[in-house]
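Next one to model:
(one chain, ligands or ions: 2)
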Amino acid sequence: MSMIKIIPLGFAAGAQVVGVDLRQPLSDADQRRINEAWLEHIVLVFPEQQLTPEEQIAFSRRFGVLDDHESQAPSTLHPEHREILVLSNKVVGGKKSGTYNSGRNWHTDLSYTTRLAKGAILHCKEKPPVGGDTMWANLYLALETLTPPIRRLIEDLEALHDVTLVRGIEQRDPTVVAEMKKRNPPVIHPVVRTHPETGRKSLLVNQRIRRFLGMSDEESQNLLAMLNAHATSPEFVYRHRWSVGDVVMWDNRCSMHVALGDFDQTKPRVMFRCSLEGEVETGRIARDLAGSDRESMLQAVAAVS
Ligand code: OGA
Ligand code: MN
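Ligands and ions are numbered 1, 2, ... in the order given. Purely as a prediction, here's the structure:
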């Protein structure tokens, strides 16, 4: 019998999972319970866990195929376990870590690749005394609360996602940035996507989108600003205040998140992350995009009038 208790933390997302020690192998019943809760609450918090890298990897593997982090710069991975990405603001060998400012704008993990992540499992190792919270937005609710005319407008829309829009990327170690760019050319994803397990649709927008296909920059920027403002409304957001030992697992197939930089940067913040590989490839690499810009539209109008 499962001893697990699920305690909701927010309306839009977030639930605490108690009564399970993640160092122990999960029973099938517990795994089913956790997976159901994950699909319902999007963000699950397991407090007071102390996992070794091996234990974190073993737990994460129960929920999907682990990403080998091919899209990431090698220097940002755990030296002995490439399944673990180390998010740290510590100075190593006189250099800032390549992840010291990761996640600072609203994003869905790996939207700059053709295969968005299924989810991630983040374990808090060290944290500053105050600040450095993480927020998640429920993108099912974001889509479901748009009015029918806007729904129709975006139904078949595609967006160009670009790794160079990762906020603060230019302040990172230039070799890390060069690696990220080389590994990740701009990609196209649909704006409305369907969750492979729940079958529900959600709104795939974030702050790493360059433009919508077939729209002028002006149209793209305004529409994107409107959609992002809507999707990150407080009503759709869960904000997590970390404690050391927290394991947080999020469903990346229907959410976006942001790591807040509101803390004393001389204080360490260290997280170990396992990433789950997406089950489906929804994106394609952008090649030879003929952009329709406003100037050429005006020229075309002038030619026919
Ligand atoms: C991530 C991320 C959030 C954080 O691991 O994908 O965005 O709070 N991190 O560090
Ligand atoms: Mn992230």
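
and the protein, which residues reach ligand 1?
Residues of the chain lying near ligand 1 by C-beta under 6 Å from any ligand atom: 87, 102-103, 109, 120, 122, 134, 257, 259, 271, 273. No exception for glycine: its C-beta is placed from N, CA and C like everyone else's.

Could I get those in JSON lines, plus columns for neighbour count?
JSON lines is the format used below for these (neighbours: other C-beta atoms under 10 Å):
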{"residue": "87", "neighbour count": "22"}
{"residue": "102", "neighbour count": "23"}
{"residue": "103", "neighbour count": "21"}
{"residue": "109", "neighbour count": "23"}
{"residue": "120", "neighbour count": "21"}
{"residue": "122", "neighbour count": "24"}
{"residue": "134", "neighbour count": "20"}
{"residue": "257", "neighbour count": "25"}
{"residue": "259", "neighbour count": "19"}
{"residue": "271", "neighbour count": "25"}
{"residue": "273", "neighbour count": "25"}
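
low pLDDT regions in the chain?
By pLDDT under 70, the weakly predicted segments of the chain are 1, 288-305.

need the residues of it near ligand 2, please.
Taking C-beta under 5 Å from the ion as the contact definition, the chain meets ligand 2 at 103, 109.

tell me the contacts of whichever residue of the stretch 51-200 of the chain sits closest to ligand 1?
Per C-beta to the nearest ligand atom, residue 103 is where the stretch 51-200 of the chain lies closest to ligand 1, at 2.7 Å. Contacts here follow C-beta atoms under 8 Å, 6 or more residues apart in numbering; on that basis residue 103 touches 87, 134, 257-259.

Among those residues, name the ones in strands.
87, 134, 257-259 (DSSP state E).

out of the residues you listed, who's nearest residue 208?
Comparing the ones in strands among the contacts of residue 103 against residue 208 with C-beta to C-beta places residue 258 closest, at 11.1 Å.

could I get the contacts of residue 103 as TSV with distance to residue 287?
Putting those into TSV (distance: C-beta to C-beta, whole Å) gives the following:
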residue	distance to residue 287
87	32
134	34
257	29
258	30
259	32
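
out of the residues you listed, what pair is the most spread apart?
Longest span within the contacts of residue 103, C-beta to C-beta: 87 and 258, 13.3 Å.

Next, the contact list for residue 228, please.
Per C-beta under 8 Å, 6+ apart, neighbours of residue 228: 106, 205-207.

Recalculate using a threshold of 6 Å.
Residues in contact with residue 228 (C-beta atoms under 6 Å, 6 or more residues apart in numbering) are residue 205.

That one: what secondary structure?
With DSSP: H, G, I helix; E, B strand; the rest coil as the basis, residue 228 sits in helix.

From residue 19, how far off is it?
Going from residue 228 to residue 19 by C-beta to C-beta, to the nearest Å gives 37 Å.
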